[in-house]
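Q: need a structure here:
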Amino acid sequence: MKKPAALATFLFALGTVASGEIWKIDPDHTEVRAYWDHAGFSEQSLEFTEVDGSLEFSLDSVPDSRAFFSIPVASMETGVERFNNDLWSSTFFDAETYPTISFNSTAFRQTAPMKVEVTGDLTIKDVTREAKFDVTVHNVGEHPVGKFFEQFKGKWLGVTAVATIRRSEWDMGAFVPIGSDEIRIEINSELKEESPD
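A: Sure, this is the predicted structure:
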């Protein structure tokens with residue numbers, strides 16, 4: 001899975017609790033996408049292409065986990081230059097004034113053997129509101145690709161995180177309901193365990 005050259009900052013930063021394993025995100029195998037309904041005719045999407053970071057997490061101590069991510073709005077890509085410019089403008093993200101989207105976790109709760117609910121503060125355009133991600137843990141362990149490529153050796157974690165928000169609650173309600181108020185956010189990521197110092 002190839003990422004654009006302008007690859008930088010989607011950050012799962014370390015929390016204050018040291019009981020979880022520390023995972024470093026693989027930017028080449030991570031996607032951050034948002035989906036919405038376009039006037040009832042189709043589902044459209046965009047991707048944030050700049051990704052980097054880490055996560056503190058263990059299935060053995062889920063409540064002690066911590067996550068923080070930060071996404072540069074300028075890394076957003078719809079595939080249509082005019083639409084990119086519209087979304088970067090003050091009508092929507094106002095990227096010049098508010099260049100960063102961030103999420104700071106406040107609680108992790110295990111809901112099934114390989115599923116976790118992550119609650120936290122999502123900040124867009126300097127508006128902070130609660131958001132909940134339903135996280136599916138696909139796999140934890142040795143990466144089979146490590147048999148062929150050195151960079152894949154070691155322990156890996158694979159997750160999908162999904163949240164639904166109302167964009168109007170973050171001061172981005174232009175053209176609702178022609179473009180749906182509800183936005184589905186999906187994060188698919190492979191993360192590598194960091195070696196202890």
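
Q: Please identify the longest strand in this protein, counting by residues.
A: strand 21-38 (DSSP state E).

Q: so after it, what's the next helix or strand?
A: Next along the chain after strand 21-38, taking DSSP states H and E as the criterion, comes strand 42-48.

Q: From the chain's centroid, how far away is that next one?
A: Counting by CA atoms, centre = their mean, to the nearest Å, strand 42-48 is centred 14 Å from the centre of its parent chain.

Q: quick one: average pLDDT of the next helix or strand along the chain from it?
A: As assigned by DSSP H and E, the chain's next helix or strand after strand 42-48 is strand 54-57. Mean pLDDT, computed over strand 54-57, is 88.

Q: what's the helix-or-strand element of the chain with minimal mean pLDDT packed up against?
A: When the helices and strands of the chain are scored by mean pLDDT, DSSP states H and E, strand 54-57 comes last with a mean of 88. Contacts defined by 3 or more CB pairs under 8 Å, 6 or more residues apart in numbering; DSSP states H and E place strand 54-57 against strand 21-38. Just so you know, the C-beta spots here come from the backbone N, C-alpha and C atoms, and that holds for glycine as well.

Q: elements contacting the strand it packs on?
A: Short answer (3+ CB pairs under 8 Å, 6+ apart): strand 21-38 packs on strand 42-48, strand 54-57, strand 155-166, strand 182-193.

Q: Swap in 6 Å and give it another go.
A: strand 42-48, strand 54-57, strand 182-193 (3 or more CB pairs under 6 Å, 6 or more residues apart in numbering; DSSP states H and E).
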